[in-house]
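A.B. asks: could you work out the structure for the sequence below:
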Amino acid sequence: METNVERVPETRPDRRPPRGASAMWGAPFILGLLTAIAGVVLLGATFFTSMVTIIFVGTMLVIGGVLELIAAFRSRDESKGAFWSLMLGGVLTTVVGILTVMYPAAGLASLTLLIAGYFFASGLFHTITSVMDRYFQWGWDLAYGLISLVLGFSVMARWPASSVWLVGTLVGLAVFFRGISMMSGSLTLRRGLRRVEA
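C.D. replies: Numbering: from 1, shown residues only. The predicted model follows:
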């Protein structure tokens, strides 16, 4: 007995990557590569990087101080306490920013001391807590703490000469590893797209 049953063709889900898939990972990869190259260039000119960074910080302080002053004048009719608080903070921030831009070497030396103090305090904290608590994988925290302590001591011992290279080196490393991170993320996306295609 014959039955007229139409066979429905099997349909498989379209696993092809969307159009422009190469641009999805290619553009971030190229941007990451350029960022990593910029980090290497900055590491090769640490003094220039340090000076540009401190001038940028001073400029941001001036802008922040001016905005604080504007906010103070806008709030003078609402609250006298807020007015004087914003006014004094704005004046102080603006003055510090102007001095930093006018005397970048002194600003750089001050910033280097702050960074060295941070390294020392952070290293001391991590060393003490890791040794006392001995939590899971406490050895990594101990190693980080000891490295931070050594770095803080070395920067302080060589101050103010260390201000020439420290800030520029940190900025260059941050830019370099940011580029590496972008490249790694784009390659991970590329592997995911190839799995979809297969």
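A.B. asks: next secondary structure after the strand or helix carrying residue 127?
C.D. replies: In the assignment (DSSP states H and E), residue 127 maps to helix 104-133. With elements assigned by DSSP H and E, the helix or strand that comes after helix 104-133 is helix 138-157.
A.B. asks: off-centre distance for that next one?
C.D. replies: 20 Å (Cα atoms, centre = their mean, to the nearest Å).
A.B. asks: packing partners of that helix?
C.D. replies: Helix 138-157 sits against helix 104-133, with contacts defined as 3 or more Cβ pairs under 8 Å, 6 or more residues apart in numbering; DSSP states H and E. The way it works is simple: take the backbone N, C-alpha and C, and place the C-beta from them, glycine included.
A.B. asks: give the buried residues for the helix it packs on.
C.D. replies: For helix 104-133, burial by neighbour count (16 or more other Cβ atoms under 10 Å) applies to 104, 107-113, 115-116, 119-120, 122-123, 126-127, 130.
A.B. asks: so residue 160 touches residue 109, yeah?
C.D. replies: Yes: Residue 160 sits in contact with residue 109 when judged by Cβ atoms under 8 Å, with a separation of 4.5 Å.
A.B. asks: go ahead and flag the most central residue of the chain.
C.D. replies: residue 174 (6.1 Å; Cα atoms, centre = their mean).
A.B. asks: now do that residue, the pLDDT please.
C.D. replies: On pLDDT, residue 174 comes in at 85.
A.B. asks: for it, which non-adjacent residue is closest in space?
C.D. replies: residue 39 (7.6 Å; Cβ to Cβ, 6 or more residues apart in numbering).
A.B. asks: next SSE downstream of the strand or helix carrying that neighbour?
C.D. replies: Assessed by DSSP H and E, residue 39 sits inside helix 21-44. Going down the chain from helix 21-44, the next helix or strand is helix 46-74, by DSSP H and E.
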